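Q: Predicted model follows, preceded by the sequence.
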Amino acid sequence: MGIKKKYRDFINEAYYKSKVRIQQNLSKYKLDNILDFEPRMSNSKLSELRDEFTDDVLMLSEFYKTSFSDMCKIEDTTQSDLDIDYYQMQKLLDKKGWDFESIKNLFNKEVDEICGDDIFGVVHKSPLDSTNGYIDYYLYRTVERLGLDKSKIHLGGDGWVDSLYYDEELPIRYKYGYHQTEYGKLMLKEANTTVEEFVSKVTTFLVSMLKEDWGDEVIRSVTRKKYDAEYNSEISKRLRTSDVIIFENYHILEEDRIIFLVSNVVDDINELLADINDGNEITNEEFATELADLLYSFSKDIESTGTELILYGNFEKNLDWN
């Protein structure tokens with residue numbers, strides 16, 4: 001899925017030729033020999049090996065280049081696909097001496113005590129934590145196989161979880177499809193959030209935004225573009241006292257779409273402004289275009305039927321409107 005070069009290219013990289021790597025694997029026997037060194041020498045050798053492991057994992061990003069956000073956009077990815085990629089990455093590292101047993105030995109409790117850091121400390125103090133989605137997933141699965149707390153590997157980069165429900169981030173992450181892709185679902189799980197909770201949050205935010213912006217950002221924007229500035233004050237006055245600014249009157253919320261009743265609201269606006277527009281009525285297309293611009297941050301999957309505008313997606317149908 002993600003690999004960009006062949007295995008032999010990885011092994012033949014000049015980068016690897018320029019550094020002395022561990023010979024074969026870090027077996028238990030070899031580890032015991034290092035641990036028999038004088039403590040300062042053991043620390044130095046083990047720290048060097050951990051640096052080499054970090055460098056080799058980072059080099060995987062030359063082959064697996066997908067960013068955090070792009071990983072969340074790959075809708076046809078299954079858990080099996082991610083695991084295939086993980087084991088392909090591990091095979092590349094096997095060839096450099098970092099089979100899983102070697103990794104397990106490098107990050108056992110005794111070595112952690114000597115080096116003063118566990119695998120999480122190594123990851124968070126290096127660029128590994130902010131490289132890309134594939135490196136994140138490799139570390140996530142490796143930690144899981146080591147029997148450690150995989151939630152300490154920050155999928156999406158450090159700080160992603162904290163900003164999950166920021167207003168400016170929520171529609172972007174929804175549009176990327178975090179709730180639809182395997183990598184995105186793992187990120188939500190790490191944030192202690194279910195897909196259902198995420199969709200509910202998005203729906204609440206979207207409806208709240210529309211209720212707030214329906215009058216000013218959609219209707220008033222359409223009328224300002226349509227009519228001369230001399231009518232602005234009168235139009236605003238009429239709109240404020242009219243039911244046309246009540247968003248709930250002009251949409252239908254379903255689990256897989258929100259239907260905006262464009263022709264209904266346009267008819268009501270034109271009737272309200274009949275003595276002002278002098279026959280120059282707002283069209284369904286003009287209103288739908290303005291509304292679509294506002295909705296685009298949530299989804300590209302928008303359809304205009306002429307009389308309705310439909311925003312497709314996953315929404316919480318039984319939303320509490322109060």
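A: That came through, no problem.
Q: quick one: contacts for the closest residue to T223 other than its chain neighbours?
A: Residue nearest to T223 in three dimensions, not counting chain neighbours: I235, with 5.2 Å by CB to CB, 6 or more residues apart in numbering. In this view, the C-beta of every residue, glycine as well, is placed from N, C-alpha and C. For I235, the contacting residues are 220, 223, 227, 273, 276, by CB atoms under 8 Å, 6 or more residues apart in numbering.
Q: Kindly recompute the last result at 10 Å.
A: Counting by CB atoms under 10 Å, 6 or more residues apart in numbering, I235 touches 219-220, 223-224, 226-227, 269, 272-273, 276-277.
Q: ditto for T283
A: With contact taken as CB under 10 Å, 6+ apart, T283 is in contact with 222, 226, 262-263, 266, 270, 289.
Q: how far away is it from L261?
A: To L261, T283 is 15 Å away according to CB to CB, to the nearest Å.
Q: cool, L186 as well?
A: Per CB to CB, L186 is found 38 Å from L261.
Q: What is the three-state secondary structure of L253?
A: Classification of L253 by DSSP: H, G, I helix; E, B strand; the rest coil places it in strand.
Q: Next, count neighbours for N192.
A: Neighbour count of N192, defined by other CB atoms under 10 Å: 10.
Q: same question, I259
A: By the criterion of other CB under 10 Å, I259 has 16 neighbours.
Q: before we move on, what about the one 3 residues further on?
A: As a burial measure, the neighbour count of V262 was computed by other CB under 10 Å and equals 24.
Q: my read: it touches T307, true?
A: Yes - V262 lies in contact with T307 (CB atoms under 10 Å); the separation is 6.0 Å.
Q: got a pLDDT number for N314?
A: N314 carries a pLDDT value of 78.
Q: Now do it against E255, distance only.
A: Look at N314 and E255: by CB to CB, they are 7 Å apart.
Q: cool, N43 as well?
A: Counting by CB to CB, the gap from N43 to E255 is 58 Å.
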